[in-house]
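# sequence first, then the predicted structure, then my questions.
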Amino acid sequence: MKAVVTGGAGFIGSHLVKALLEGGAVVHVIDNLSSGKREQVAPGAVLHTEDVRSAEAKRIIAAVKPELVYHLAAQADVQQSILAPSLDASVNVTGTINILDACKEACVNKIIFSSTSGVYGNLAKERITERDPAIPISFYGLSKLTAERYIHMYSQLYCLSYTILRYGNVYGPGQTAKGEGGVIANFMERALGNLPLYINGDGEQTRDFIYVGDVVRANWAAANYGDQETIHVSTGKRTSVNRIVQLLRDMHPAEIPIHYRPAQSGDIMHSCLANQKAIKSLRWDPAVSIEQGVAETYRSWSQHQ
Ligand code: NAD
């Protein structure tokens with residue numbers, strides 16, 4: 001099996017590339033290294049240092065002729081999207097259209113798209129399902145939702161198969177403190193650097209934190225299941241930022257000072273995604289608890305200090 005992974009030098013993409021190689025796939029990565037790192041790309045993959053908006057990205061997909069395209073490359077920083085909405089739209093919308101065009105021209109079987117719980121905005125609901133309305137409150141959420149709509153339309157017009165995976169807050173080894181869901185990485189970096197933790201708001205905001213290994217398994221499952229579906233990749237559980245701090249304090253040998261500061265614009269108070277559809281359609285379920293995942297992430301950060 002041949003696969004192209006856009007954003008394969010980034011946090012989630014690099015884990016996915018490794019898993020695909022281990023599963024015997026031939027893997028090509030398209031990444032402009034704007035936030036990703038060359039050394040994160042597993043040695044068996046071919047790295048093309050190109051922008052997903054470029055004609056060269058299309059030429060690579062035409063030449064490789066992959067069965068699958070995993071499209072992860074994105075401007076994935078919510079605050080950055082508020083500061084620079086046109087850059088955000090350019091990468092996340094125009095970049096996706098360029099990759100869809102390439103898929104159409106190269107007769108790719110399926111595109112698997114990394115989307116986000118951010119499309120729902122501040123929906124006041126205990127557990128969001130895929131049928132709930134998507135009303136983003138950041139340009140990032142809007143650009144990812146718009147990219148999803150382009151995927152639907154390409155699929156209708158050109159019979160391109162797809163699965164859209166909407167992730168909760170992904171965390172795990174290799175994540176940097178920037179970007180979406182980077183709160184755990186930010187806390188690890190600061191605690192291990194003997195710096196205080198800053199919490200936006202009162203820390204009682206909750207997220208559906210999903211371990212990167214579980215996200216990779218969902219992408220793997222989407223190669224065979226979940227055609228023409230939009231599916232949550234999540235735990236279905238709420239974990240507060242204060243709970244993450246507590247887990248970290250339990251593991252870390254030194255005292256960790258905490259400072260609370262005002263919430264940021266575009267921040268969502270609670271976010272929890274139902275995962276029944278993934279369990280049924282992808283034959284997948286999350287295997288790593290928050291306690292295991294935070295411990296594994298802490299171990300990895302400690303080793304790289
Ligand atoms: P990341 O920033 O680590 O990875 C993104 C990668 O895309 C980087 O390697 C970057 O260099 C590359 N990239 C950015 N712009 C590009 C461009 N114009 N051309 C080519 N490459 C480009 O982010 P991540 O956390 O690994 O996220 C991967 C995907 O998952 C993104 O689509 C993101 O929106 C989505 N997602 C992430 C989370 C999360 O919690 N991390 C949650 C929901 C959805």
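Thanks, I have the structure now.
# rest of the way, CA atoms for contacts and neighbours
Noted.
# just the helices from the chain, written as ranges.
Defined through DSSP state H, the helices belonging to the chain, from first to last, are 11-22, 55-64, 78-83, 85-89, 95-105, 139-158, 183-192, 212-222, 241-251, 276-277, 290-303.
# in CSV: the ones you listed, plus distance to the ligand, mean pLDDT and mean neighbour count.
Converted to CSV, the helices of the chain look like this (distance: least, C-alpha to the nearest ligand atom, whole Å; pLDDT from 0 to 100; neighbours: other C-alpha atoms under 10 Å):
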stretch, distance to the ligand, mean pLDDT, mean neighbour count
helix 11-22, 4, 98, 22
helix 55-64, 9, 98, 17
helix 78-83, 9, 92, 18
helix 85-89, 9, 98, 18
helix 95-105, 7, 98, 21
helix 139-158, 7, 98, 20
helix 183-192, 9, 95, 20
helix 212-222, 8, 98, 22
helix 241-251, 14, 97, 16
helix 276-277, 17, 98, 20
helix 290-303, 14, 96, 16
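# distance to residue 35 added to those, as JSON lines?
Compiled in JSON lines, those are given as follows (distance: least, C-alpha to C-alpha, whole Å):
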{"stretch": "helix 11-22", "distance to residue 35": "9"}
{"stretch": "helix 55-64", "distance to residue 35": "18"}
{"stretch": "helix 78-83", "distance to residue 35": "13"}
{"stretch": "helix 85-89", "distance to residue 35": "14"}
{"stretch": "helix 95-105", "distance to residue 35": "16"}
{"stretch": "helix 139-158", "distance to residue 35": "16"}
{"stretch": "helix 183-192", "distance to residue 35": "15"}
{"stretch": "helix 212-222", "distance to residue 35": "17"}
{"stretch": "helix 241-251", "distance to residue 35": "25"}
{"stretch": "helix 276-277", "distance to residue 35": "31"}
{"stretch": "helix 290-303", "distance to residue 35": "18"}
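# of those, which is nearest residue 205?
For residue 205, the closest of the helices of the chain is helix 241-251, at 6.3 Å, according to C-alpha to C-alpha.
# just give the nearest non-adjacent residue to residue 255, would you?
Closest residue to residue 255 in three dimensions, ignoring its sequence neighbours and counting by C-alpha to C-alpha, 6 or more residues apart in numbering: residue 249, at 7.2 Å.
# hmm, residue 256 and the one you found touching each other?
Yes - at 6.7 Å, residue 249 counts as touching residue 256 under the criterion of C-alpha atoms under 8 Å.
# next, the buried residues of stretch 118-138.
Across stretch 118-138, burial judged by 16 or more other C-alpha atoms under 10 Å covers 118-123, 127-130, 134, 136-138.
# near the ligand, which of the residues you listed show up?
Judged by C-alpha under 6 Å from any ligand atom, the overlap between those and the neighbourhood of the ligand is nil.
# out of the residues you listed, which is nearest to the ligand?
When these are ranked by distance to the ligand (C-alpha to the nearest ligand atom), residue 118 comes first, at 7.3 Å.
# now for the closest residue to the closest one other than its chain neighbours: which residues touch it?
If you skip the residues right next to it in sequence, residue 118 has residue 141 as its closest partner in space, 4.8 Å away by C-alpha to C-alpha, 6+ apart. Residues counted as contacts of residue 141 (C-alpha atoms under 8 Å, 6 or more residues apart in numbering) are 78, 116, 118-121.
# alpha carbons of stretch 27-39, as PDB, please.
As requested, the backbone C-alpha atoms of stretch 27-39 are provided in PDB (Å, rounded to 0.1, in the frame of the first residue of the first chain):
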ATOM      1  CA  VAL A  27       5.100   6.400   2.700                       C
ATOM      2  CA  HIS A  28       5.700   9.800   1.200                       C
ATOM      3  CA  VAL A  29       5.500  12.900   3.300                       C
ATOM      4  CA  ILE A  30       4.600  16.400   2.100                       C
ATOM      5  CA  ASP A  31       5.600  19.000   4.700                       C
ATOM      6  CA  ASN A  32       7.000  22.500   4.500                       C
ATOM      7  CA  LEU A  33       8.500  22.100   7.900                       C
ATOM      8  CA  SER A  34       6.800  25.300   9.100                       C
ATOM      9  CA  SER A  35       6.200  23.700  12.500                       C
ATOM     10  CA  GLY A  36       7.300  20.100  11.800                       C
ATOM     11  CA  LYS A  37      10.800  18.800  12.000                       C
ATOM     12  CA  ARG A  38      12.800  16.800   9.500                       C
ATOM     13  CA  GLU A  39      14.200  14.600  12.200                       C
END
